[in-house]
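Undergrad: A structural model of the following input is requested.
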Amino acid sequence: MLSRHPGNWIIIWSFVIAFLLTIIPLPEGVDYFRPDWLCLVLVYWCMALPQRVGIGIGWLAGLCLDAARGTVLGQHALGLAIVAFLTRKTHRRIRVFPLWQQSLGILFFLLVNQVLMSWINGMLGYPSQDFWYLAPVLGSILLWPGVFIILRDLRRHFRIA
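TA: Numbering: from 1, shown residues only. Okay, here's the model as predicted:
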């Protein structure tokens, strides 16, 4: 979990901005491809600072998202905690890959999260009839290089370690 380290406010504000981008309403056609901003930011910080951002932060961010979206409490928390776990387990390998190969690894994490959300919704009686539930993965993976570069530059500029 985050403790008293310099630069924590950058990490916290990146999560707040990602949360706001996640809950801002979008037009119906564009909303299908809404990137999973919270998941992208969580993956970045779990890769960059695994000793400071991990499963607990993912769980807390997911609980906030559950409360904001009115979903079953723990649904997104479980998904983001699993994504944080997978990221922390593989962060040493993924960090050394070029950005395009990182995107393939991140694609797997995002797919795990989306399939888990779809599975939980199906268990609750809201089954998905088509593959549109995978559209946010496409939107997210296309934005991963930009998110990575912006957060990396912020981390370097403010010397967050």
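
Undergrad: in this structure, which spans are helices?
TA: Assigned by DSSP state H, the chain shows helices spanning 8-23, 28-31, 37-48, 55-69, 75-95, 99-123, 135-157.

Undergrad: out of those helices, which one sits most buried?
TA: Sort those by mean neighbour count, taking mean count of other CB atoms under 10 Å, and helix 37-48 sits at the top with a mean of 25. C-beta coordinates here come from the backbone N, C-alpha and C atoms, glycine included.

Undergrad: which elements pack onto that one?
TA: helix 8-23, helix 55-69, helix 75-95, helix 99-123, helix 135-157 (3 or more CB pairs under 8 Å, 6 or more residues apart in numbering; DSSP states H and E).

Undergrad: what's stretch 29-43 in contact with?
TA: Applying CB atoms under 8 Å, 6 or more residues apart in numbering, the contact partners of stretch 29-43 are 14-15, 17-19, 21-22, 25-26, 53, 57-58, 61-62, 65, 79-80, 83-84, 87, 106, 109-110, 113-114, 132, 135-140, 142-144, 147, 151.

Undergrad: residue furthest from the geometric center of this protein?
TA: Distance from the C-alpha centroid of the chain peaks at residue 125, with 25.1 Å (CA atoms, centre = their mean).

Undergrad: model confidence score at it, please.
TA: pLDDT recorded at residue 125 is 92.

Undergrad: what of residue 128?
TA: pLDDT, residue 128: 77.

Undergrad: also the one 5 residues further on?
TA: pLDDT, the model's per-residue confidence, is 87 for residue 133.

Undergrad: quick check: it vs residue 114, distance?
TA: As for residue 133, its distance to residue 114 is 6 Å (criterion: CB to CB, to the nearest Å).

Undergrad: any weak-confidence spans in the chain?
TA: 1-3 (pLDDT under 70).

Undergrad: spatially central residue in it, please.
TA: residue 39 (0.5 Å).

Undergrad: neighbours of the closest residue to residue 72 other than its chain neighbours, how many?
TA: Residue nearest to residue 72 in three dimensions, not counting chain neighbours: residue 124, with 6.5 Å by CB to CB, 6 or more residues apart in numbering. When neighbours are counted by other CB atoms under 10 Å, residue 124 registers 11.
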